[in-house]
Structures are given as C-alpha cells and as structure tokens.
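**Student:** everything below, folded, please.
(chains A and B)
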Amino acid sequence: QKEVEQNSGPLSVPEGAIASLNCTYSDRGSQSFFWYRQYSGKSPELIMFIYSNGDKEDGRFTAQLNKASQYVSLLIRDSQPSDSATYLCAFNGGATNKLIFGTGTLLAVQP
Amino acid sequence: DGGITQSPKYLFRKEGQNVTLSCEQNLNHDAMYWYRQDPGQGLRLIYYSQIVNDFQKGDIAEGYSVSREKKESFPLTVTSAQKNPTAFYLCASSPRGPGSGYEQYFGPGTRLTVT
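**Tutor:** Reported below is the predicted structural model:
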C-alpha cells in the first residue's frame, strides 16, 4: 500500500471555479500535513500546512484535514490560469520523522 | 534576502565521474535534506541532516555521499556508483529536525545530466 495517494490528474477546471485536490495517507501517527505547488521545471513551493482537524484558510486556499479518515484536501477558490501546476501533498511520517510526499496532482485551469 | 541556493542550475557530466552539488542556506535552519525527483515521480529522500556533523541515510542513499561541516552548507556528491544519476536534485531545509512537524523549504534545484 502506498503511503500517500494522490490522483495524478490532470484535473481541469475553468477559470474562476473551485479546484479541489485530495490526498489520503496511511500513517495514523502523522501529525503534520503540507501542500506544495510545483510549476513545471521548478522546485516545490510550500503553500499551506495544517496540524489540526478541520479547515485552515489562507487567501484563496483552504486546507482541510480529517485525521479519522486519513484524508487531507486543498481547495483553491477563484482558480486562475497561474494556479496551473502540480500540487504535492506531504505528511510528517511519525515513525520515521521524515516528510513523505505524494506524486502530485496536475491542475490545469482553463481560461 | 534569506533563502536556499543551489548551484549550478544545470550540470552535465560523463559517466564514471563523481560530481558535487552545492546547497547553501542563510535561514539559520538546523535540518537540511537532499531529494531526487525523476519525471512523473515523487520526491525521494537521499540524505538528511538534523545538526552539524551528523547526517542519516534516506530511502535511496546508495551511490551518494554528503557532509555537514557547517550549519549553512550541505553538499551532495553523486558518485560513479550511482547507476542512474540523471535527475532533478532538490535541497531543502527546515527550522527544526524531523519529528517536529516543521515545514521544509526548497532551493531552486540542480538538473544533472550524465551521459
């Protein structure tokens, strides 16, 4: 079983719509969860982190965490073409004390 | 400006040669990491260091070596023993060591091509 599951996409949404990106993880001991954005040919950029169950909002981004369901999601409101990128989720592997990364979901925002 | 620098951005080497990738940070972060990213794949951890003069193997350490003589610097050597060295190499740092849950910040990366 993979430690982090993400749909590779591409996820295509029209400009102005809400993009919903999802991630499931296997380690129930995980405490910290992260979303990174990676443009093609560039390095990952941290956009959100969340430690507690519930929602965390930052501008157009909302991270949602449900530890019971081992599920974390990222909502992007009013999607823009500049949001087109691969989004990586990651969690702190409690047993190994390292960040475990998913393979990413490619988001394409259509003008 | 605080940040993480990696050099060079692109690196070309012949098979059989060792090559060292530079990673420097001025964020005063304790922990530093090296990852490798191949097309269509996720990030794979090569080595990490939580403190000066100490480092641990990651998931794919074979064929690589590191040193951590200074807090700011964590160079990675790709040796001739690494069977498939062509990849995008990413260095990251974190305010605390693994286990604290602190986020990692990435440098711009070095794209290594070995022919």
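**Student:** return the backbone torsion pair for B:F88.
**Tutor:** phi -100, psi 120 (degrees, to the nearest 10).
**Student:** list the contacts for the nearest residue to it once chain neighbours are set aside?
**Tutor:** Leaving aside its chain neighbours, B:F88 sits nearest to B:Q37 (4.5 Å; criterion: CB to CB, 6 or more residues apart in numbering or on different chains). Quick note: C-beta positions are derived from backbone N, CA and C, even for glycine. B:Q37 makes contact with B:L43, B:R44, B:A87, B:F88, B:Y89, B:L90, B:G109, according to CB atoms under 8 Å, 6 or more residues apart in numbering or on different chains.
**Student:** can you put those residues in JSON lines and add secondary structure, neighbour count and pLDDT?
**Tutor:** JSON lines is the format used below for the contacts of B:Q37 (DSSP: H, G, I helix; E, B strand; the rest coil; neighbours: other CB atoms under 10 Å in any protein chain shown; pLDDT from 0 to 100):
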{"residue": "B:L43", "secondary structure": "strand", "neighbour count": "26", "pLDDT": "94"}
{"residue": "B:R44", "secondary structure": "strand", "neighbour count": "15", "pLDDT": "94"}
{"residue": "B:A87", "secondary structure": "strand", "neighbour count": "22", "pLDDT": "96"}
{"residue": "B:F88", "secondary structure": "strand", "neighbour count": "17", "pLDDT": "97"}
{"residue": "B:Y89", "secondary structure": "strand", "neighbour count": "22", "pLDDT": "98"}
{"residue": "B:L90", "secondary structure": "strand", "neighbour count": "25", "pLDDT": "98"}
{"residue": "B:G109", "secondary structure": "coil", "neighbour count": "23", "pLDDT": "97"}
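**Student:** from the chain's centroid, how far away is the helix or strand bottoming out on mean pLDDT in chain A?
**Tutor:** One helix or strand of chain A scores below all others by mean pLDDT, DSSP states H and E: strand A:98-101, with a mean of 86. Offset of strand A:98-101 from its chain centre (CA atoms, centre = their mean, to the nearest Å): 13 Å.
**Student:** got it, and stretch A:103-111?
**Tutor:** 12 Å.
**Student:** ok, stretch B:42-52 next?
**Tutor:** 7 Å.
**Student:** flag every residue of chain A that's near chain B.
**Tutor:** Proximity of chain A to chain B is confined to A:4, A:31-32, A:34, A:36, A:42-46, A:49, A:51, A:88, A:92, A:96-99, A:101-104 under the rule CB under 8 Å from any CB of the partner chain.
**Student:** PyMOL command to pick out the buried ones of the residues you listed?
**Tutor:** Buried residues within the residues of chain A next to chain B, by 16 or more other CB atoms under 10 Å in any protein chain shown, are selected in PyMOL with:
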select buried, chain A and resi 4+32+34+36+43+44+46+49+88+92+96+98+99+101+102+103+104
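**Student:** before we move on, back to that, in a markdown table: the contacts of B:Q37, plus distance to A:D27.
**Tutor:** Output for the contacts of B:Q37, formatted as a markdown table (distance: CB to CB, whole Å):
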| residue | distance to A:D27 |
| --- | --- |
| B:L43 | 17 |
| B:R44 | 17 |
| B:A87 | 26 |
| B:F88 | 26 |
| B:Y89 | 26 |
| B:L90 | 22 |
| B:G109 | 27 |
